[in-house]
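Asker: here you go, sequence then predicted model.
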Protein chains: 2
Amino acid sequence: MDNRFIEKLAGFGQLGEDDIAALGAATSRPQQVAARRDLIREGDRPGPVFVILEGWAYRYKILPSGTRQVLAFLMPGDCCDHHVGLLAEMDHSIQTITPALVATIDRAEMDLLMDNRRAIAKAIYVAQLIDEGTMRAWITSMGRRTSIERVAHLMCELYLRARNIGLTHEPRLTLPLSQLLIADSLGMTPVHLNRVLKELRLGGAMTLQRGCLLIDDPARLVQIAGFDENYLHRRLRHAA
Amino acid sequence: MDNRFIEKLAGFGQLGEDDIAALGAATSRPQQVAARRDLIREGDRPGPVFVILEGWAYRYKILPSGTRQVLAFLMPGDCCDHHVGLLAEMDHSIQTITPALVATIDRAEMDLLMDNRRAIAKAIYVAQLIDEGTMRAWITSMGRRTSIERVAHLMCELYLRARNIGLTHEPRLTLPLSQLLIADSLGMTPVHLNRVLKELRLGGAMTLQRGCLLIDDPARLVQIAGFDENYLHRRLRHAA
DNA sequence: CGCTGGATTGACTCGGATCAAGTCGAGTGG
DNA sequence: CCACTCGACTTGATCCGAGTCAATCCAGCG
């Protein structure tokens, strides 16, 4: 089975055969979406829950001034806002980066899953908690890390998340993010990001080129980032 | 009844008499905690869920360099991480700002509430979603707003949240936050924050002095902040 | 009544933004 | 097969917001 969403959730809790079947059924009619398509826009009334099965997407917000802030990157297996149905309107938008395979689970079905399959519900909470941890890491980065630390930290995060779902080819990862997108996620200018990337490259830590991230020296990169390796994986409480 | 936690949740979903009783029972033995006490520290194994009934607290993280980043402010009615029990360790700490009245709900009891009282569970998700919206607003602020906009935005947020729980005296709010704390939440230096506060004061928008926030000109403040009034209240889907 | 921790102000520096040219690679059409 | 274009990436020169360092002020308090 190659449903990255189910694989991810299964890693977060012990799902039964029937749970897996239920998730499979809920995501069995995915749709192909082109690159650069909004899945949902700020102000929309939340509809179904989206699950990214293949491809990349990102959450973002456009400010009155026209500048953009990227709020999160979504990769295969990630799921957008399990309970948004409860709110009146979206406070941000979500757009595909690459062509993507996206499953939609409508609100009623999602409620059913959450109410009747507690194992699924719990796995989903874990996913949500990890996402929140990521947001806190972003806040920390923007507030108190220098630009080179921020860039290194983001790359560590993306690399590890990608590795967890088997997307890496050991020291290498296909990263379909433009420098503009990355800059908008780190609160810096594309120009400055470019210089920082150059610095990281010349320093022998990592190389980001042509949609491909190469970790030249993992130890150095982690050290520059001040990256706490724990926050994405060891955080899972081992089933006693 | 003066349990701010229950009042808040009741505003998020229609709780029955029995739900309210259950919440009351779960928070019936609160403890008084002094100011500047850590409720939980980064690296700790998550224990019970904390509910702030009176007083203020904040989430924070200390970086290797020794700098601090404040991740959130908690006020009466706020509840810390409903499902943290699922994770292995905390990725940040929580500390009281003022003396506070804190209830603890242990993990087993919380699980029981979440599993057996779906109305409570849903109200709690709503609270969680709103917190996430706040985090996204913080990320946006740090990434793409100037320092004066950031300060104005945070003050709008705090004022509105406080007003929702009846903590304001119309154009005024008792804000027990030091400039250092605010600076650490906005990713700036206390020195610079001080200058920005002066600018806002001279500009006639707001005055922050001696633990008291005074909104001199709400319209101007909102305009400076680029504050979207919706993201904290209109976001709640009206029960159809 | 002096001590202490926050708030305030000034002088100087620097990281990162801004403005402005390029350069490179992938398509596209002649 | 080469010119043309378009978007993404690079690089240089300059400017400014915010950090740093260092006094000073002030209120509460032991």
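Answerer: Nice, I can see it. Residues are numbered from 1 along each chain as shown, chains lettered A, B, ... in the order given.

Asker: which bits of chain A sit near DNA strand D?
Answerer: Within chain A, the residues that sit near DNA strand D (CB under 7 Å from any atom of the strand) are A:178, A:179, A:180, A:190, A:191, A:194, A:195, A:197, A:198, A:209. Every residue, glycine included, has its C-beta placed from N, CA and C.

Asker: most surrounded residue in the residues you listed?
Answerer: Compared across those, residue A:197 has the highest neighbour count, 19 neighbours, by other CB atoms under 10 Å in any protein chain shown.

Asker: give me the distance between that residue and residue B:144.
Answerer: 20 Å (CB to CB, to the nearest Å).

Asker: coming back round to it: which of the residues of chain A next to DNA strand D sit farthest apart?
Answerer: Pairwise distances across those (CB to CB) peak at 17.1 Å, for the pair A:191 and A:209.

Asker: is the most centrally placed residue in chain A bridged to anything, and to what?
Answerer: Among the residues of chain A, the one closest to the centroid is residue A:74, at 3.1 Å (CA atoms, centre = their mean). Residue A:74 has these beta-bridge partners by DSSP bridges: residue A:57.

Asker: related to what we said a few turns ago, among the residues of chain A next to DNA strand D, which are in strands?
Answerer: If you go by DSSP state E, the residues of chain A next to DNA strand D have residue A:209 in strands.

Asker: quick one: least confident of the residues of chain A next to DNA strand D?
Answerer: When these are sorted by pLDDT, the bottom entry is residue A:209 at 87.

Asker: quickly list what that one is bridged to.
Answerer: For residue A:209, the beta-bridge partners are residue A:212 (DSSP bridges).

Asker: tell me how far the nearest residue to residue A:4 once chain neighbours are set aside lies from residue A:12.
Answerer: Of all residues not flanking residue A:4 in the chain, residue A:77 sits nearest, at 3.7 Å (CB to CB, 6 or more residues apart in numbering or on different chains). Computed as CB to CB, the residue A:77 to residue A:12 distance reads 11 Å.

Asker: who has more neighbours out of those two?
Answerer: Between residue A:77 and residue A:12, residue A:77 has the larger neighbour count (other CB under 10 Å), namely 23 against 19.

Asker: hmm, that one is touching residue A:5, no?
Answerer: Yes - counting by CB atoms under 8 Å, residue A:5 is a contact partner of residue A:77 at 5.1 Å.

Asker: so what touches stretch A:112-124?
Answerer: A:9-10, A:12-16, A:19, A:22-23, A:26, A:79, A:82, A:105, B:83, B:86, B:115, B:118 (CB atoms under 8 Å, 6 or more residues apart in numbering or on different chains).

Asker: so which bits of stretch A:38-48 are buried?
Answerer: Buried residues in stretch A:38-48, counted by 16 or more other CB atoms under 10 Å in any protein chain shown: A:39, A:40, A:42, A:46, A:48.

Asker: which of the residues you listed fall within strands?
Answerer: A:39, A:40.

Asker: now the two most distant members of the buried residues of stretch A:38-48.
Answerer: Across the buried residues of stretch A:38-48, the longest distance by CB to CB is 17.0 Å; it joins A:42 and A:48.

Asker: and chain A, what are its domain boundaries?
Answerer: For chain A, automatic domain parsing gives the domain ranges A:4-129, A:146-231.

Asker: model confidence over the first one, on average?
Answerer: Think domain A:4-129. Over the span of domain A:4-129, the pLDDT mean works out to 90.

Asker: and the end-to-end length of it?
Answerer: Using CA to CA, to the nearest Å, one end of domain A:4-129 lies 18 Å from the other.

Asker: what's the distance between the closest residue to DNA strand C within chain A and residue A:142?
Answerer: Of the residues in chain A, the one nearest DNA strand C is residue A:192, at a distance of 2.9 Å by CB to the nearest atom of the strand. Remark: distance between residue A:192 and residue A:142 (CB to CB) = 14 Å.

Asker: more crowded one of the two?
Answerer: Using other CB under 10 Å as the criterion, residue A:192 and residue A:142 rank with residue A:142 on top: 23 against 13.

Asker: name the helix or strand for the more buried one, please.
Answerer: Using DSSP states H and E, the element containing residue A:142 is helix A:118-144.

Asker: re earlier: can you lay out the domains of chain A as CSV showing distance to residue B:202?
Answerer: Supplementary listing: these in CSV, determined by distance: least, CB to CB, whole Å:
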stretch, distance to residue B:202
domain A:4-129, 23
domain A:146-231, 28
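
Asker: and the contacts of stretch A:9-24?
Answerer: By CB under 8 Å, 6+ apart, stretch A:9-24 touches A:1, A:3, A:5-6, A:113, A:117, A:119-120, A:122-124, A:126-127, A:164, A:236, A:239.

Asker: just the buried ones among the residues you listed, please.
Answerer: The neighbour count (16+ other CB under 10 Å) marks A:3, A:5-6, A:113, A:117, A:119-120, A:122-124, A:126-127, A:164, A:236 as buried among the contacts of stretch A:9-24.

Asker: picking that back up, contacting residues around the residue nearest to residue A:4?
Answerer: Contact analysis of residue A:77 by CB under 8 Å, 6+ apart lists A:4, A:5, A:7, A:8, A:52, A:53, A:165.

Asker: in strands, which of the residues you listed appear?
Answerer: Reading strands off the contacts of residue A:77 with DSSP E, I get A:52, A:53.

Asker: which of the contacts of residue A:77 sit farthest apart?
Answerer: A:7 and A:52 (12.9 Å).

Asker: these two: which is more packed in?
Answerer: Taking neighbours as other CB under 10 Å, residue A:7 and residue A:52 compare with residue A:52 leading, 25 against 16.

Asker: and the more buried one, how close does it get to residue A:31?
Answerer: 11 Å.

Asker: one more: residue A:3?
Answerer: As judged by CB to CB, residue A:3 and residue A:31 stand 15 Å apart.

Asker: circling back: between the residues of chain A next to DNA strand D, which is closest to residue A:152?
Answerer: Among those, and counting by CB to CB, the member closest to residue A:152 is residue A:197, at 10.3 Å.

Asker: find the nearest non-adjacent residue to the closest one, please.
Answerer: In space, and not counting its chain neighbours, residue A:197 is closest to residue A:208: 5.5 Å by CB to CB, 6+ apart.

Asker: I figured the one you found hits residue A:175, correct?
Answerer: Yes - using CB under 8 Å, residue A:208 is in contact with residue A:175, at 6.9 Å.
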